[in-house]
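**Q** just to be clear, the model below is a prediction. Sequence and coordinates:
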Amino acid sequence: MKPPSFDQFVTFIYVRDLRVSTAFYESLLGLPLALDQGSCRIYRVAGDAFLGICQRRDAVHPLPSNALILTLVTHDVDGWHRYLAERGALVEKPPQYNPVYNIYHCFLRDPDGYLVEIQRFLDPAWPVGAAGQ
């Protein structure tokens, strides 16, 4: 017997200042708000994939571990890098090729120190997202 299927995916992270994180994810990255729950805001990243940011004053202090990376996949890593740099975002690592994983990517940090990766898969075996079809 196969397990039942999942319909959607949500990743939740804790933030210290919901207002500041809202400016980053909603205004800077342009993620559309799917649901406002007061102390949590859930954004549609792509299709049925979501990111929830939840206010917690004791959250991520000191900076969160690099064990969690929020990766946003796009075909236009350079365009995102230019867009972010023009708006004063501090890019931690400029776009570059990673031969180990056959990807092209850059990194920045969100207001709470979470590592955000803007990435393009170069491996033709990677499934193309709905926007790239």
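**A** Great, that's in hand. Residues are numbered from 1 along each chain as shown.

**Q** what's the burial count for Trp126?
**A** By other C-beta atoms under 10 Å, 12 other residues sit near Trp126. All C-beta atoms are positioned from the backbone trio N, CA, C, and that covers glycine.

**Q** for Asp76, same thing?
**A** Neighbours of Asp76 (other C-beta under 10 Å): 11.

**Q** what's the answer for Asn66, then?
**A** Asn66: 10 neighbours (other C-beta under 10 Å).

**Q** Ser39 now?
**A** Count around Ser39 with other C-beta under 10 Å applied: 11.

**Q** what's the nearest residue to it if we skip its chain neighbours?
**A** Gln55 (4.4 Å; C-beta to C-beta, 6 or more residues apart in numbering).

**Q** phi, psi for the one you found please.
**A** With angles defined as degrees, to the nearest 10, Gln55 sits at phi -70, psi 130.
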